[in-house]
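Enquirer: fold the following.
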Amino acid sequence: MKTRQKRLILIAFGVLLLGGGVALVLSAFQKNLVFFFTPTQVLAGEAPQGRSFRLGGMVEKDSLQRQADGVTVSFVVTDTVKSVRVKYKGILPDLFKEEKGVVTQGRLGPDQILIADEVLAKHDENYMPPEAAYALKKAKEAGNKLEGAGSAQSAQNVQDAKVGNLK
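Expert: Below you'll find the model as predicted:
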């Protein structure tokens, strides 16, 4: 083989190796990508089935139930319009409280209960993840509009809330 052919083979091998590395990185990134949803979006079927996602909102008052084993808990997360029950086995963060912001990560069971792998509580009195604050605001606006609207208008308001078109 000539020097030029050896060089071309080496370059082609390098490009293939680089392409394989990029494919592996993108594949790993896709598997670890976790999206944020509100209870309204989860109950509307927008959350992925069989994949992990984050659910954010407020913990409903008087919804926290502790099991006899001391580490299994159940509570309800709401966005002031809809609510989703969450089951978690583990130690809750010290700042976890009812009527406070929370983000949970897990998979949705067939009974529409989120089986959480992780529970994150807000870290100070004023903090809430920007996505959670925006989602709560939009859900509350949608809920206020739904109370006074007819059924056709209600459906349009819900659709507008999902895509962020509320005025």
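
Enquirer: okay, helices next: where are they in this structure?
Expert: Using DSSP state H, the helices of the chain run over 3-32, 39-43, 130-148, 151-163.

Enquirer: what mean pLDDT does the longest one have?
Expert: Just to be clear, that refers to helix 3-32. Here helix 3-32 scores 87 as its mean pLDDT.

Enquirer: pretty sure Val81 contacts Ala142?
Expert: Yes. With contact defined as Cβ atoms under 8 Å, Val81 reaches Ala142; the gap is 6.3 Å. For the C-beta atoms, the positions are set from N, CA and C on the backbone; glycine is no exception.

Enquirer: between the two, which contacts overlap?
Expert: Residues touching both Val81 and Ala142 by Cβ atoms under 8 Å, 6 or more residues apart in numbering: Thr40.

Enquirer: what does stretch 6-14 rub up against?
Expert: Looking at what lies outside stretch 6-14 - Cβ under 8 Å, 6+ apart - the contacts are Met1.

Enquirer: how about stretch 74-93?
Expert: With Cβ under 8 Å, 6+ apart, stretch 74-93 has contacts from 38-40, 42-43, 55-60, 63-65, 67, 71-73, 98, 102, 104, 106, 112-116, 119-121, 135-136, 139-140, 142-143, 146.

Enquirer: buried residues in that stretch, which are they?
Expert: 75-88, 92 (16 or more other Cβ atoms under 10 Å).

Enquirer: show me the two of those that sit farthest apart.
Expert: For the buried residues of stretch 74-93, the farthest-apart pair by Cβ to Cβ is Val81 and Leu92; their separation is 24.7 Å.

Enquirer: rewinding a little: please indicate which of the contacts of stretch 74-93 are buried?
Expert: For those, a neighbour count by 16+ other Cβ under 10 Å gives the buried set as 38-40, 42-43, 55-60, 63, 73, 102, 104, 106, 114, 116, 119-121, 135-136, 139, 142-143, 146.

Enquirer: right, and Leu136 touches Thr40 too?
Expert: No. At 10.0 Å, Leu136 and Thr40 do not qualify as touching, with contact defined as Cβ under 8 Å.
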